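>>> Model the following, please.
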Amino acid sequence: MLSDKLISLLKSFSKNDLNRFEKYLLSPFFNENKEQIKFFNILNAQLRNPEKDIQKLRKNEVWSGLFKGKPYNDTTFRRICSDLTQLALQYLALKEYKKQSLTIEQHMLLATNTPKLEKHYNGILRKVRSRQSTSLSRDVDFHFNSFRIELNCHKNLEFLGKKRSDFSNFEKSDYHLDCFYIIQKLKNYCDFLGYKNFIQIDVEINLFPTFLKYIENSVFIEEATVQAFFLVSKMLLDPEEEEIYHNLKTVLSSRSKEFSADDLKLLYIHLRNYCIDTKINAGRSDYFRELFDLYKNQVKLGIILEDNIISPQSYKNIITVALHIKEFEWVKDFIQNYTELLPPENQDNDRNYNLAKVYFHQKQYEKVIEQLREVEYKNVIYSLGGKLMLLKTYFELDEFLALDSLVDSFRIYLRRSSKIPKEVKQQYMNVLRFTKRLSVMQPGDQKGLMRIKNQVINCKALAAKRWLMEKISEKE
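Numbers count the residues shown, from 1 in each chain. As a prediction, this is how the structure comes out:
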């Protein structure tokens, strides 16, 4: 069997990467070993042929293709595999480096910082400064690049042997260095505080004494990114002070262009976690509206997407929150506009299933049944969700014969499925049991209803608990 490290690495390459890596190997500047070109061509032919499994390619076969008639040497073959792996990793590193145009230009500044190339240096410097001046976001990368540019300009006079009379570049470089440090330190601290709320961790983030107080009273607080992460840290340290949350929302809304997309995503995650963990889970149902507003802002800013794709989890969460506060028309528009941005394999199912959820919340139960007929139960999530929605729909319509039949088939499905965890099966078994008991309960049986209510309240493994409590309340 060939080197797993090499094969897994090459299998991660797109067809375009395979083409470009071949050109990379053909360049004597990057690779002078012709054996590596022949080796890659053998592997490339296997990778591009869907009928061939590269994992089954044997060392001896490859060796004979490289060295006809020469006895196999395992040490030599391992070295060839290792060398090609390193070349592939270097190609990926160069690919990433070329994405960072400002980094390349900064290295150009270093390379041309001599008296003989002063014109070249000044031309590159103008280009770099122009790029920085048009940048709207002022994140850690912006400040780190600005620090390096200004420090380079400060040192340039020394290289050129000119008399120094201006220290503005030196001062600017120091300012941007401080901004870089403070933003990254705040981000680390906010992540630490966030993790601390979820898991027991033994990590230390050392802040110098009065760090937060110093930032609050410094010039750096005027930087949008500094201010935002400063507010996140305060919000996590003092969650009962709700004004901090609202101040942070205001900063993100009024100064959104000053943040990078990555920072905006991270800041909105902190806000969402605050709403869910600190407020909603503590019984503050009014924060569902806040959570919906956060999702709406993310959608508006385009930061809910990753490479123009929305994750199924984000799609589901947004719809669930919007339905909870009865934003039905907004949800329909969202489903219409964003379903096509899901991974393609589940788009139709997600559209049909979530439209059924909208109709259920609107109490258009006949439409729910009609819409669920379009859902293909490809996986456990669709199967459990679809069957549970249909169960609740039959109950709402007083279709008790259909409900009885579904209860029986649902129970059999739960017992037979090996893909559903035992604790999840129990949650759904319990909802079947309580729904069945409510469906056969005689009107006026308040004693029996109270008994079911207490059992539902005390049942820890129960799906659709809120809906069951609503149905019990209607019968009281």
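>>> use CA for all of it now, contacts and neighbours both
Will do.
>>> Any regions of the stretch 151-300 of the chain where pLDDT drops low?
Where the stretch 151-300 of the chain drops to pLDDT under 70, the residues are 157-165, 197-198, 200-201.
>>> For it, just list every one of the helices.
Applying DSSP state H, counting those that start in this stretch to the stretch 151-300 of the chain gives helices spanning 168-198, 211-216, 224-237, 242-254, 261-273, 287-301.
>>> Comparing these, which stretch has the densest surroundings?
helix 224-237 (a mean of 23; mean count of other CA atoms under 10 Å).
>>> okay, the angle between it and helix 242-254?
150 degrees (axes from the mean of the first three to the mean of the last three CA atoms, to 10 degrees).
>>> neighbouring contacts of helix 224-237?
With CA atoms under 8 Å, 6 or more residues apart in numbering as the test, helix 224-237 has contacts from 138-139, 179, 182-183, 186-187, 189-190, 193-194, 212, 215-216, 220-221, 241-242, 244-245, 247-248, 251-252, 255, 258-259, 267, 270, 274.
>>> same thing but 6 Å
Helix 224-237 is contacted by residues 183, 186, 190, 221, 244 when judged by CA atoms under 6 Å, 6 or more residues apart in numbering.
>>> now swap in stretch 44-57 and tell me
Outside stretch 44-57, not a single residue reaches it (CA under 6 Å, 6+ apart).
>>> Equivalent analysis for stretch 174-191, please.
With CA under 6 Å, 6+ apart as the test, stretch 174-191 has contacts from 140, 143-144, 147, 226, 229, 233.
>>> Show me the strands in this structure, by range?
305-306, 309-310 (DSSP state E).
>>> highest average neighbour count across the ones you listed?
Buried most deeply of the strands of the chain, by mean count of other CA under 10 Å, is strand 309-310, with a mean of 16.
>>> Next one: the residue in the chain sticking out farthest from the centre relative to F77, how far apart?
Largest separation from the mean C-alpha position in the chain: G69, at 52.3 Å (CA atoms, centre = their mean). Distance from G69 to F77, counting by CA to CA, to the nearest Å: 15 Å.
>>> how close does L342 sit to K127?
39 Å.
>>> When these two are compared, which one has more neighbours?
Per other CA atoms under 10 Å, whichever of L342 and K127 has more neighbours is L342, with 19 against 13.
>>> show me the contacts for the more buried one.
L342 makes contact with 309-310, according to CA under 6 Å, 6+ apart.
>>> about what we covered before: and the contacts of helix 224-237, which is closest to T103?
I183 (20.1 Å; CA to CA).
>>> Read off the pLDDT value for the closest residue to E376 other than its chain neighbours.
Among residues not flanking E376 along the chain, N349 sits closest, at 6.3 Å (CA to CA, 6 or more residues apart in numbering). On pLDDT, N349 comes in at 88.
>>> How many residues are close by the residue nearest to K387 when sequence neighbours are not counted?
Leaving out its chain neighbours, the residue that sits closest to K387 by CA to CA, 6+ apart is F410, at 7.2 Å. Number of residues near F410 (other CA under 10 Å) recorded here: 19.
>>> now N73
Here the number of neighbours of N73 (other CA under 10 Å) works out to 10.
>>> quick one, phi psi at it?
Backbone torsions for N73, taken as degrees, to the nearest 10, come to phi -130, psi 110.
>>> ok, now E376?
According to degrees, to the nearest 10, E376 has phi -100, psi 120.
>>> what's the burial count for it?
16.
>>> Pull up the gap between it and R351, please.
Using CA to CA, E376 is found at 11 Å from R351.
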